[in-house]
Every structure is written in structure tokens, then in C-alpha cells.
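# Generate coordinates for the sequence data below:
(one chain, ligands or ions: 3)
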Amino acid sequence: MTESPLYGGTSTARVRIHHLQQAKQRGEKWAMLTAYDTYSAAVFEEAGIPVMLVGDSSGNVVLGHTSTVPVTVDDILLMTKAVTRSTSRALIVADLPFGSYESGPQQAFGTAVRMMKEGGAQAVKLEGGLRVAPQIRLLHDAGIPVMAHIGFTPQSEHALGGFRVQGRGAGAEQLLTDAHAVQEAGAFAVVLEMVPATIAAQVTKELAIPTIGIGAGVDCDAQVLVWPDMAGLNGGRVPKFVKKYADLRGELLRAAQEFADDVRGGTFPGPEHSFD
Ligand SMILES: Nc1nc(=O)c2c([nH]1)NC[C@@H]1CN(c3ccc(C(=O)N[C@@H](CCC(=O)O)C(=O)O)cc3)CN21
Ligand SMILES: CC(C)C(=O)C(=O)O
Ligand SMILES: [Mg+2]
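Ligands and ions are numbered 1, 2, ... in the order given. Below you'll find the model as predicted:
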């Protein structure tokens with residue numbers, strides 16, 4: 001049996017959606033990270049991250065907005081191009097931003113085609129369950145792999161009444177309905193955001209497609225985090241579901257301070273950085 005391309009190894013072939021399906025069948029978990037620029041995407045590929053999401057979380061962590069709502073198709077396209085230029089193995093998923101797919105399948109199709117043709121993405125993601133099933137169905141039928149996203153959907157922050165766990169109590173039924181609806185419509189995977197761990201485990205068991213958790217417990221088939229959160233570049237408060245694996249902010253702060261000190265003290269540039 002061939003080794004799983006999800007776990008790096010010697011294979012340089014592109015990760016494909018059928019590999020994610022096989023991983024679920026074998027019980028192999030995998031990690032997804034967001035990516036927004038060319039260097040970080042190259043690092044994540046080298047680290048063996050099989051799937052990257054050009055997320056509209058870039059609204060917060062790259063563009064300085066306070067939500068994902070203002071992010072445009074052109075914003076995501078610019079970053080998708082940067083990410084696809086420096087990766088060849090990871091499956092690159094472009095997030096469809098708020099307002100670019102909700103009005104109907106044709107609108108979703110137009111946006112998704114731009115992400116694939118201009119951005120070079122291999123798949124797209126959109127938020128919603130049953131209500132966006134027609135969009136998922138059309139994209140799937142047109143040959144565009146779709147990742148769904150249910151539970152807490154940040155683009156609907158204002159409708160959902162803030163950053164809240166979804167699928168508690170009576171909400172569990174809605175979540176299960178949405179999960180089955182997106183699978184039925186042809187999604188190849190589904191993000192579960194801020195869902196009680198027991199409900200996420202049940203969804204993961206009931207669905208044939210992989211679940212990707214963020215604040216959804218350990219039983220999902222995969223996990224995703226926003227990279228500046230997990231690498232400690234984010235100086236502000238981070239959601240409870242984040243684990244910090246590095247202190248990039250501290251390291252970058254130190255480097256910038258040392259550079260400023262060297263320049264002020266006349267110790268940079270040295271002769272080795274200068275031309276005769
Ligand atoms: N930096 C960043 N990380 C993310 O994970 C992220 C973004 N931005 N932007 C887009 C969405 C928005 N998401 C968010 C943003 C905030 C919370 C949050 O503040 N959660 C609190 C409250 C939970 C509650 O009230 O139950 C938490 O402590 O987790 C959660 C998800 C996830 N995504
Ligand atoms: C948090 C993930 C799933 C996302 O949608 C994003 O980064 O935009
Ligand atoms: Mg998003």
C-alpha cells in the first residue's frame with residue numbers, strides 16, 4: 001500500500017480530495033493552517049501541512065479589520081495567488097468572502113471560478129449549511145471541490161449575536177441537519193467551528209466526508225487554526241480554542257529593536273554589508 005501523501009514522506013504529488021477521504025477511512029488525522037502569503041505558505045508546506053486555507057480571517061490578521069465582513073474577492077485573490085506561487089504539494093482552498101456567494105448558485109459559481117482560474121486554488125470554502133446547499137451542489141456539479149463551514153460562521157457574526165458556541169441544546173439538531181445537507185450537496189469536507197466536542201464527535205461519526213474542527217474537540221478528522229494565532233504573532237487576545245506553539249511576536253519584536261539599536265549606535269551596516 002502506498003504511504004499516505006498527507007504525511008509528507010517522499011511523495012511530491014499534490015494532495016487531492018480523495019486522499020482526505022482515504023485518511024478518514026484509515027483513521028489518520030491531519031492538520032490545516034491558514035496561509036496568506038508566499039513565505040509562510042512555503043514553510044507550512046515544508047512542515048508537511050497537507051491543506052491550507054486562504055481564509056477571510058485575513059480580514060483580522062492581515063488587513064486590520066475587526067471582522068471578516070469587509071474582506072473582498074480581490075483581497076482573497078491577491079493572497080491566493082501569493083500562496084499558490086510558493087506551494088506545489090498542499091491542497092489550497094480559497095475562502096469565499098461575505099457577499100460573494102449568498103445570493104445564489106450563479107454568484108457562487110462566478111466567484112469560485114475566479115478563485116480557481118486567477119488564484120490557482122484547488123478548492124473553495126463557503127459558510128453555511130442547508131441554506132447554501134444549492135450553491136454547493138452547483139459548484140460540485142461544475143467540477144469545483146467545495147469545503148463547507150458550519151457551527152459558528154464568522155461572516156454571520158451579527159445574525160448569530162456574537163462569537164458563540166453553536167449546536168448546544170436544541171441547536172444540535174440544526175447542526176446535524178446542516179452537516180448532512182452539505183455532504184448531500186457534494187461538499188468534500190466540512191469545517192466545524194465552536195461546536196461542543198460531543199456534537200462534533202457525533203457529526204464526524206455520521207458523515208462520510210472529513211470534519212475539520214476549530215474549537216470542536218479532538219474527535220474531528222482534522223484540525224485547523226489561524227496561523228498567526230498558533231504561532232503567537234497575534235498580540236491581542238486569542239479564542240479559547242487556540243494553542244500557542246511559538247512566540248513569533250516576541251522574536252520579531254526583539255529583532256526589530258536590535259536593528260533599530262544597531263542603526264542608532266552605528267554598528268549596522270558593518271563592512272561585510274557594504275560595497276567598496
Ligand atoms: N485571529 C483570528 N482567529 C480566528 O480563529 C478567527 C479570526 N481571527 N477571524 C475569523 C474567525 C472569527 N473567529 C473567532 C473569533 C473570536 C472568537 C472568540 O472571541 N471566542 C471567545 C468567546 C467564546 C464564547 O463566548 O463562547 C473565546 O474565548 O473563545 C472565536 C472565533 C474564528 N476566526
Ligand atoms: C478559521 C477558518 C476555518 C476560516 O474560515 C478562516 O481562517 O477564515
Ligand atoms: Mg473564513
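
# buried stuff in stretch 191-201?
For stretch 191-201, a neighbour-count test (16 or more other Cβ atoms under 10 Å) marks 191, 192, 193, 194, 195, 196, 199, 200, 201 as buried. Quick note: C-beta positions are derived from backbone N, CA and C, even for glycine.

# Now find how far off-centre the helix or strand harbouring residue 251 is within its chain.
Assigned by DSSP states H and E, residue 251 falls within helix 248-265. In this view, helix 248-265 has its centroid 31 Å away from the chain centroid, taken as Cα atoms, centre = their mean, to the nearest Å.

# what does that helix rub up against?
By Cβ atoms under 8 Å, 6 or more residues apart in numbering, the list of residues contacting helix 248-265 from outside reads 228, 231, 232, 233, 234, 235, 268.

# if you skip the residues just before and after it, what's nearest to the residue in the stretch 1-150 of the chain positioned nearest to ligand 2?
At 2.3 Å from ligand 2, residue 55 is the closest residue in the stretch 1-150 of the chain, using Cβ to the nearest ligand atom. Closest residue to residue 55 in three dimensions, ignoring its sequence neighbours and counting by Cβ to Cβ, 6 or more residues apart in numbering: residue 34, at 4.2 Å.

# how many neighbours does the one you found have?
Residues within reach of residue 34, counting by other Cβ atoms under 10 Å, total 27.

# go on, residue 251?
13.

# Same check on residue 62?
Number of residues near residue 62 (other Cβ under 10 Å) recorded here: 16.

# just residue 137 next, same as before
Residue 137 has 18 nearby residues by other Cβ under 10 Å.

# Give me the pLDDT for the residue lying closest to it once chain neighbours are set aside.
Computed as Cβ to Cβ, 6+ apart, the closest residue to residue 137 that is not its neighbour in sequence is residue 185, at 4.5 Å. According to the predicted model, the pLDDT of residue 185 comes to 98.

# Let me see the backbone angles for residue 185.
For residue 185, the backbone dihedrals (degrees, to the nearest 10) come out as phi -80, psi -10.

# Contact partners for it?
Applying Cβ under 8 Å, 6+ apart, we find residue 185 in contact with 133, 134, 136, 137, 140, 146.

# hang on, the third one packs against residue 147?
No. Taking contacts as Cβ atoms under 8 Å, residue 136 lies outside contact range of residue 147: 9.5 Å.

# All the helices of the stretch 1-150 of the chain, in order from the start?
Across the stretch 1-150 of the chain, reading from the start of the chain, the helices by DSSP state H, counting those that start in this stretch fall at 17-26, 38-46, 58-61, 73-85, 105-117, 133-141.

# Pipe those into a markdown table and attach mean pLDDT per row.
Output for the helices of the stretch 1-150 of the chain, formatted as a markdown table (pLDDT from 0 to 100):
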| stretch | mean pLDDT |
| --- | --- |
| helix 17-26 | 97 |
| helix 38-46 | 98 |
| helix 58-61 | 97 |
| helix 73-85 | 98 |
| helix 105-117 | 98 |
| helix 133-141 | 98 |
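
# closest to ligand 1 out of the ones you listed?
Closest of the helices of the stretch 1-150 of the chain to ligand 1 is helix 58-61, at 4.0 Å (criterion: Cβ to the nearest ligand atom).

# Measure how far the closest one is from the centre of its chain, please.
12 Å.

# Likewise for stretch 61-78?
The chain centre lies 14 Å from the centre of stretch 61-78; the measure is Cα atoms, centre = their mean.
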